[in-house]
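Student: Predicted coordinates and the sequence they were generated for:
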2 protein chains.
Amino acid sequence: MATGKRVCVIGCGNWGSAVAKLVSENAKRYPDFDDTVRIWVLEEVFEGRNLSEIINNDHENKKYLPGIKLPHNLLAVPDMKECVQESDLFLVVLPHQFVHSTIEKMKQFGPLRPGALAISLVKGIELTGSSVKCFTDAIENTLGIPCLALSGANVAKNVAMEEFSEATIGYKEKAHAVLFQKLFDRPYFKINCIPGVAAVQVFGAIKNAVAIAAGFCDGLGLGSNTKAAIMRIGLKEIYKFSCKFFNENSQDVVFESAGVADLITTCIGGRNVRCAAEFAKHGGKKSWNDIEREMLGGQKLQGTSTCEEVYHVLKANNIEAEFPLFVVTYKIAHMGADPNDLIREFAVEKLEEF
Amino acid sequence: MATGKRVCVIGCGNWGSAVAKLVSENAKRYPDFDDTVRIWVLEEVFEGRNLSEIINNDHENKKYLPGIKLPHNLLAVPDMKECVQESDLFLVVLPHQFVHSTIEKMKQFGPLRPGALAISLVKGIELTGSSVKCFTDAIENTLGIPCLALSGANVAKNVAMEEFSEATIGYKEKAHAVLFQKLFDRPYFKINCIPGVAAVQVFGAIKNAVAIAAGFCDGLGLGSNTKAAIMRIGLKEIYKFSCKFFNENSQDVVFESAGVADLITTCIGGRNVRCAAEFAKHGGKKSWNDIEREMLGGQKLQGTSTCEEVYHVLKANNIEAEFPLFVVTYKIAHMGADPNDLIREFAVEKLEEF
């Protein structure tokens, strides 16, 4: 009779499936966890079969993570009630727009088991009006259980292919992090843990706005000196943003995968950079819609909406002046400013105070 | 009658010439500095004329920085005695192997003027036996004047072309940094100042060893998750190295151009990365000499010798275990270890303590 914690992944997109794979591997290895790992599937039909059936019979998420074999101890469960009532550890891996509705649905099947914990792998934060909120808070408040955060320089497919990667867990209670580190850490997926849950999420979300600025550099044909400078200024502004809105030490995360490493990969490659380069190449005259249609088959960019939301939060708090990169990036992306303003903003006579 | 400080650039390679250009621009703008800026030229003949004559007549360093017009207030001076005796601010921009001989020569023409100051733009640190020494110390000790340090994500040619860049000045006395910031800061070359001179130099030197490891990732065909992880581990090891050998706060520099920005550009592009990728592609079986001959026309890589020197310092201090990336990079580059060991070193079962 197993006495280990029972794990449930909430969300079966490509990142959810990649994560489900690796935690299932660990659930089998450690007596701390029950062998069976559940993954909640919002049921849909793919190639004539239910997605949960595909996962359970073929041990592959053919829709969202094709080509990757999933462990046999991973059980796809479309029944949210079973997931909620039979699990101790909830790994929330949802697109940000589905978090609230999903956790409200989870709550209906509560109360959760004593000692239950959650960890958010949601990419994003909530920027509305003048407030900045973390999804960990929404999860804690709605489900009434502590919630940690995990983020890092992680392309889902490459993690699923067991290419060496790192990630960062942010925690409030060390004992919780010890448990989740054990659940997530694999030789190909190394976990560092740091105190504080907000900065990990802030970096994971706002890096996308910096990637838009980095893409402008590429599109303007600027060299590595300039792009590195813009990335550095972006790193400092994310850090400052995190300190401003959250009362925790945000400095640790800079050294971690969720900080500098994720920023680097996001600003070097990826869709935000490529599309922003295209935008700048056309002097800001080509619409994001057109770019998204041509380059992403109509999918939406994350970075453009992030930089809009960030700007409005800064404005509502009357602190635009402290975040010149975020502001100029917004003005170029959404207000018709000349892409060359990106550099003009910083190429000034004024000496930096110190 | 000018009462401003008289500036002298020691070294007229491409970085020295680019720096001479920008400080000459500022010398003309600010009364704090004498209009005339000297650049000490180790005289040589280029296309049938003396290099100093070319610079003074054509206002271009046709050998080391061709295509860039130099300001008319920049005076090339082959006479070291004149340089030493007529200057208050010395900008040392020499290849590291010429620093000691040059400052010894300068000393012969001393004592230097009262209030004289130096700033080192030398790339590198001195790693010999168990000791790690900064060139700022050598300059201070030999010349008997305070010495600051400047470093950053700066490709010389791009700075000369006035492409937007940033750099970092490390100082012990704030008043000195105020003066040098004024001398160096241009709209296209923005200067931040931080306390401490060692970390700025350590990052500038040791980043090259990390670039070798980053190049191995490329050569092994590993993706962005892995390369970002290796760069992050490298950043942490440089930081730790700096803390270990120098009694100053090294954390500030991480956020600056001399820290994260320089590391990014060095690990993304550049000769160390390209050559190390070639080395790993051939499983470490192709010699560095062959690679240097084919890819660099016989010029020597900095990163390979840096990682050798770093390793020997770690070994002499019996602290190899704390720097796994530096050690494995050395073993692959110089001891015949399999390039795949780079990842094997970190892809382990052991959980990271926190």
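Tutor: Yep, that arrived. Numbers count the residues shown, from 1 in each chain, chains lettered A, B, ... in the order given.

Student: In a strand, residue A:118, correct?
Tutor: Yes - with DSSP: H, G, I helix; E, B strand; the rest coil as the criterion, residue A:118 is located in a strand.

Student: Could you list the low-confidence segments of chain A?
Tutor: A:1-2 (pLDDT under 70).

Student: So for it, which residue is the most central one in space?
Tutor: residue A:123 (2.2 Å; CA atoms, centre = their mean).

Student: just checking, it is part of a strand?
Tutor: No - read with three-state DSSP, residue A:123 is coil and lies in no strand.

Student: check contacts around it.
Tutor: Residue A:123 sits next to A:96, A:151, A:204, A:205, A:302 when contact means CB atoms under 8 Å, 6 or more residues apart in numbering or on different chains. Yep, even glycine has a C-beta here, placed from its N, CA and C like the rest.

Student: if I look at it, how far off is residue B:88?
Tutor: Applying CB to CB, to the nearest Å, the value for residue A:123 to residue B:88 is 54 Å.

Student: now do residue A:177
Tutor: Taking CB to CB, one finds residue A:177 at 55 Å from residue B:88.

Student: Same check on residue A:149?
Tutor: Residue A:149 is 54 Å from residue B:88, by CB to CB.

Student: what about these two, which has more around it?
Tutor: A direct count of neighbours by other CB atoms under 10 Å in any protein chain shown for residue A:149 and residue B:88 places residue A:149 higher, at 29 against 19.

Student: Phi and psi next, for the more buried one.
Tutor: The phi and psi values for residue A:149, taken as degrees, to the nearest 10, are phi -140, psi 140.

Student: Look up which residues are beta-bridged to it.
Tutor: residue A:120, residue A:170 (DSSP bridges).

Student: quick one: contacts for residue A:329?
Tutor: A:209, A:210, A:212, A:213, A:216, A:307, A:342.

Student: and the third one, what helix or strand is that in?
Tutor: Put plainly, it is residue A:212. According to DSSP states H and E, residue A:212 maps onto helix A:198-219.

Student: Just the buried residues of that helix, please?
Tutor: A:198-219 (16 or more other CB atoms under 10 Å in any protein chain shown).

Student: shouldn't residue A:6 be in contact with residue A:88?
Tutor: Yes - the criterion here is CB atoms under 8 Å, and residue A:6 meets it with residue A:88 at 5.0 Å.

Student: residue ranges for the strands of chain A, please.
Tutor: A:5-10, A:33-40, A:45-46, A:49-50, A:74-77, A:89-92, A:117-120, A:126-128, A:131-133, A:147-151, A:165-171, A:189-195 (DSSP state E).

Student: Kindly export the helix holding residue A:212 (C-alpha atoms) in PDB.
Tutor: This file holds the C-alpha atoms of helix A:198-219, laid out as PDB (Å, rounded to 0.1, in the frame of the first residue of the first chain):
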ATOM      1  CA  ALA A 198       7.200  36.500  -6.900                       C
ATOM      2  CA  ALA A 199      10.500  37.200  -8.700                       C
ATOM      3  CA  VAL A 200      10.600  33.900 -10.300                       C
ATOM      4  CA  GLN A 201       7.200  34.600 -11.900                       C
ATOM      5  CA  VAL A 202       7.900  38.200 -12.700                       C
ATOM      6  CA  PHE A 203      11.100  37.300 -14.700                       C
ATOM      7  CA  GLY A 204       9.200  34.500 -16.500                       C
ATOM      8  CA  ALA A 205       6.500  36.900 -17.600                       C
ATOM      9  CA  ILE A 206       8.300  40.200 -18.300                       C
ATOM     10  CA  LYS A 207      11.300  38.800 -20.200                       C
ATOM     11  CA  ASN A 208       9.000  38.700 -23.200                       C
ATOM     12  CA  ALA A 209       8.800  42.500 -23.200                       C
ATOM     13  CA  VAL A 210      12.600  42.700 -23.200                       C
ATOM     14  CA  ALA A 211      12.700  40.200 -26.100                       C
ATOM     15  CA  ILE A 212      10.600  42.600 -28.100                       C
ATOM     16  CA  ALA A 213      13.200  45.300 -27.600                       C
ATOM     17  CA  ALA A 214      16.000  42.800 -28.400                       C
ATOM     18  CA  GLY A 215      14.200  42.000 -31.600                       C
ATOM     19  CA  PHE A 216      14.000  45.600 -32.500                       C
ATOM     20  CA  CYS A 217      17.800  45.700 -32.200                       C
ATOM     21  CA  ASP A 218      18.100  42.900 -34.700                       C
ATOM     22  CA  GLY A 219      15.600  44.500 -37.100                       C
END
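
Student: Residue A:195 bridge partners, please.
Tutor: Beta-bridge partners of residue A:195, as defined by DSSP bridges: residue A:171.

Student: Could I have the CA atoms of stretch A:228-248 written out in CSV?
Tutor: Taking Å, rounded to 0.1, in the frame of the first residue of the first chain, the C-alpha atoms of stretch A:228-248 are listed here in CSV:
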residue,chain,number,x,y,z
ALA,A,228,23.7,43.2,-25.0
ALA,A,229,23.2,46.7,-23.6
ILE,A,230,19.4,46.5,-24.2
MET,A,231,19.2,43.0,-22.6
ARG,A,232,21.2,44.3,-19.6
ILE,A,233,18.9,47.3,-19.2
GLY,A,234,16.0,44.9,-19.5
LEU,A,235,17.4,42.7,-16.8
LYS,A,236,17.7,45.6,-14.5
GLU,A,237,14.2,46.9,-15.2
ILE,A,238,12.7,43.5,-14.6
TYR,A,239,14.6,43.3,-11.3
LYS,A,240,13.5,46.8,-10.4
PHE,A,241,9.9,46.0,-11.3
SER,A,242,9.9,42.9,-9.1
CYS,A,243,11.4,44.9,-6.1
LYS,A,244,8.8,47.6,-6.6
PHE,A,245,5.7,45.4,-6.5
PHE,A,246,6.8,42.6,-4.3
ASN,A,247,8.3,42.7,-0.9
GLU,A,248,10.9,40.0,-1.3
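
Student: Relative to the whole chain's centre, how far out is that stretch?
Tutor: Centroid displacement of stretch A:228-248 relative to its chain, using CA atoms, centre = their mean, to the nearest Å, is 17 Å.
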